[in-house]
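Participant: Predicted coordinates and the sequence they were generated for:
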Amino acid sequence: MSPRHPNRPSGPFPYLDEPEWRARFVQAGLADTRCTLDESALQRLATEVINIKPLITTTGRGSGMVGTGLKDQAVQKVETEYGVLYQLVAKQPGLAGAINQFNIRFSFDVAASSAVPTPKVTPAKAEGTEQPAVMEAEFDSEKAMQDHLTFVEGRLTAAETARKYDLKEDLAVSGQSERATYHLVRYRVGDQVWDTISATAGSNRTRHRHDLFGIQPAVGLLGLAQAALGGPEGLRWRSPADWRDRYTAQLNKHSELDPDDIEIPTDDLRAAEEAREAQRWARRAADARQVAVTDAAFVIGFVPKAAARPDFDAALASTNLRTHLRGPLDFTDTNQAMAAARKLVDQAYNDDAITDLQHAVLTGAAPAAELHENPREAVAELVRLVDRVVYPSEKRALRRTTKVLVEPSPSLLREKHAKTRGDIRSALLTVAVGGVALPSAAMDNPGRTAVPKGVITTGLSVDELIVAATGSASSLARTEARADLGHLAVPGLVNGKVFLGPYGSSGDRRSAAVKLGIAAQSEDGVLLFVEAIEAFARVIQLRAGREVVPQSAPDGRVRRVDGGEFDAEKTADSDWFWERWQELSGDDTPGVDSGTVSEASPSEQWADRLQKTQTVVDAARGAVTPLVGHFAAMEALVGPDREMSTAERYGWMEQLDDLGGDLKKAVEHVRNLRDRTTGATGNRGTADDFAYGTEGSR
């Protein structure tokens, strides 16, 4: 606790470092040859990191102390094809950061939209020999900037909806396990210029953290509206130094309160409003506790390769691509799947559910070929190991998986949970083998109803399965063996370009289980399963650096089966697979999924509802006014034989009280809108009004 602020409430949410230490941080950055940020950018960065003292080297004492450089252990060197980036690895308050308006995943959407203003985005111009590690973005107006921000935020929301991953819930429950990366952006709007910190990798995490803290993503770029802290309407703070400690003090003040324990008085409107305000802060503090402090990396330096134009933006994009678009998992959100997979594997290892070797394989430290000396059996060992970790059937393992993945009870599982499990399974198989192409949408991952039961296996070896599956007599044992064999064959089928999932433009929307079931009814299908297992076994051996016997088809591809024989010159693919096994004899094909419908972006939903607001209010008034007149008329008509019993009277009173409660809920939502405003027209200040280090507002 700073002696300057003895009455400032303590708690889990960190305050900014004192101005003196922020100034020393700026001095240290300017003195370090790896840092190419200018003074303005470093001043802004000093409001983004906490616990500055261990990050810098200093000389002198007391008021004469100055920063002389950044410590080596705090600076990370990142090689890219466009040059070298230097990143400062530090702690960041969860309240800090901004989403990246220029996210490479949505740049095409922005360029293709005629309704969204496209800013001029360029690397900052170099002065002298150093290339500043700063991007510059110029908008015609603040309104144009916010329209662009809203559009990108909608695309981030749409992307999350499509992949069915509840990142916000995970952050609230488990915190942020993966480090986000940020870079400096200098915004120019008219005669205003200010710096901010945008996510190179971590826009969604930053956005959801802000939501947990009760603020809009626009705050990271535009600053905080002063009305959010009881100040005047129409003004905002640009610099975090002016508002972050105030906001943090409110969070710490209410961090020990249970929002459900705060009583709302009914006889004092002013006291009721104060209680509701305390309840809102307590809820924010409770929601954001797990992300009070996060790990982050900040790009502070750039040394370009010799080129006519220093591609600082390209260097940033290359690191973002490596984080988000790992080739082996083109169809999944690899970032979150990999993180969840690591946690799940580590917990299973801590519980002695898997061996040292199995843990090493699942984390990529040992090749999957070491699971068994027989290459085909190594495939079975790997698939069953991953299934046992991700889709366990034993109760203790079920509880472990549910806890680690922050899932509800099995009866409350939804499709999003099944989708997340499938992404994790594909991620683990990819890590274990080392970069194979196993997108989860193409696999036979269990659906929602099957997840709680786990994946049940026969336990037979591949050789035993082949014997049982090729028996001449139809039996339950043969059916089970073929089903197990088909499941073990899926990684080889998918890696061989036989995509089983109901996705894409193929027109075949049957599930992977249905397709495998059809193929398993024929001897050709069983033969293909064996071929796929052997093909995947060769891939595993090759990835382990071992020699394998070549086959006629390229390694990793499976050959077509015709009349019980392989066509050595033709490889299997999805279209051929679907055409060869069309119908499931004797059974009806389950209902098909027509696909996921895209949701409207938040800005689109807002515009639609805003347009309907007056209509809805008028409709409510039109219903309540006749109601009042109705009972007023009844009151005037009371007389002999025209009475209402006590039971009837109280019955109607209860219904009217319920109606009044609904209206109060509507009023509460309107009140909350004040705290979540993103209005951009109220800023009347200039760049000089938001100077670094302004302490007068405290």
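Facilitator: The structure has been received and is ready for your questions.

Participant: need the strands for this protein, in chain order.
Facilitator: Applying DSSP state E to the chain gives strands spanning 56-59, 66-70, 75-80, 83-93, 120-123, 134-139, 180-189, 192-201, 224-225, 236-237, 293-304, 559-562, 565-571.

Participant: Can I get the longest one as PDB, trimmed to CA atoms?
Facilitator: Output in PDB follows, covering the C-alpha atoms of strand 293-304 (Å, rounded to 0.1, in the frame of the first residue of the first chain):
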ATOM      1  CA  VAL A 293      -3.800 -10.000 -12.800                       C
ATOM      2  CA  THR A 294      -2.700 -11.800 -16.000                       C
ATOM      3  CA  ASP A 295       0.600 -12.600 -17.800                       C
ATOM      4  CA  ALA A 296       1.300 -10.600 -20.900                       C
ATOM      5  CA  ALA A 297       4.000  -9.800 -23.400                       C
ATOM      6  CA  PHE A 298       4.300  -6.300 -24.900                       C
ATOM      7  CA  VAL A 299       6.200  -5.700 -28.200                       C
ATOM      8  CA  ILE A 300       8.700  -3.000 -27.400                       C
ATOM      9  CA  GLY A 301      11.300  -3.400 -30.200                       C
ATOM     10  CA  PHE A 302      11.600  -4.200 -33.900                       C
ATOM     11  CA  VAL A 303      14.700  -4.700 -35.900                       C
ATOM     12  CA  PRO A 304      13.600  -5.200 -39.500                       C
END
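
Participant: Paired strands for that strand, with orientation please.
Facilitator: Strand 293-304 pairs in its sheet with strand 83-93 (antiparallel), strand 180-189 (parallel), by DSSP bridges.

Participant: I'd like those as TSV, with mean neighbour count and mean pLDDT appended.
Facilitator: Backbone N, C-alpha and C define where each C-beta goes, glycine included. Formatted as TSV, the strands paired with strand 293-304 follow (neighbours: other CB atoms under 10 Å; pLDDT from 0 to 100):
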stretch	mean neighbour count	mean pLDDT
strand 83-93	21	93
strand 180-189	22	90
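
Participant: that older thread, could the strands of the chain be laid out in a markdown table, adding distance to Ile540?
Facilitator: Supplementary listing: the strands of the chain in a markdown table, determined by distance: least, CB to CB, whole Å:
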| stretch | distance to Ile540 |
| --- | --- |
| strand 56-59 | 48 |
| strand 66-70 | 44 |
| strand 75-80 | 30 |
| strand 83-93 | 35 |
| strand 120-123 | 44 |
| strand 134-139 | 43 |
| strand 180-189 | 33 |
| strand 192-201 | 31 |
| strand 224-225 | 54 |
| strand 236-237 | 57 |
| strand 293-304 | 34 |
| strand 559-562 | 18 |
| strand 565-571 | 19 |
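
Participant: and of those strands, who's closest to Ser511?
Facilitator: Smallest distance to Ser511 across these (CB to CB): 22.0 Å, for strand 559-562.

Participant: Out of the strands of the chain, which is closest to Ala473?
Facilitator: That would be strand 559-562 among the strands of the chain, by CB to CB, at 22.2 Å.

Participant: Residues touching the closest one, excluding its own?
Facilitator: 524-525, 527-528, 531, 551-553, 566-568, 570-572, 576 (CB atoms under 8 Å, 6 or more residues apart in numbering).

Participant: again with stretch 489-496
Facilitator: Contacts of stretch 489-496 (CB under 8 Å, 6+ apart): 379, 383, 429, 433, 436-439, 442-444, 500, 512, 516, 528-537, 539, 556-558, 571-572, 577.

Participant: from those residues, which would you call buried?
Facilitator: 379, 383, 429, 433, 436-439, 442-444, 500, 512, 516, 528-537, 539, 556-558, 571-572, 577 (16 or more other CB atoms under 10 Å).

Participant: rewinding a little: out of the strands paired with strand 293-304, nearest to Leu656?
Facilitator: Of all those, it is strand 83-93 that lies closest to Leu656, at 47.5 Å by CB to CB.
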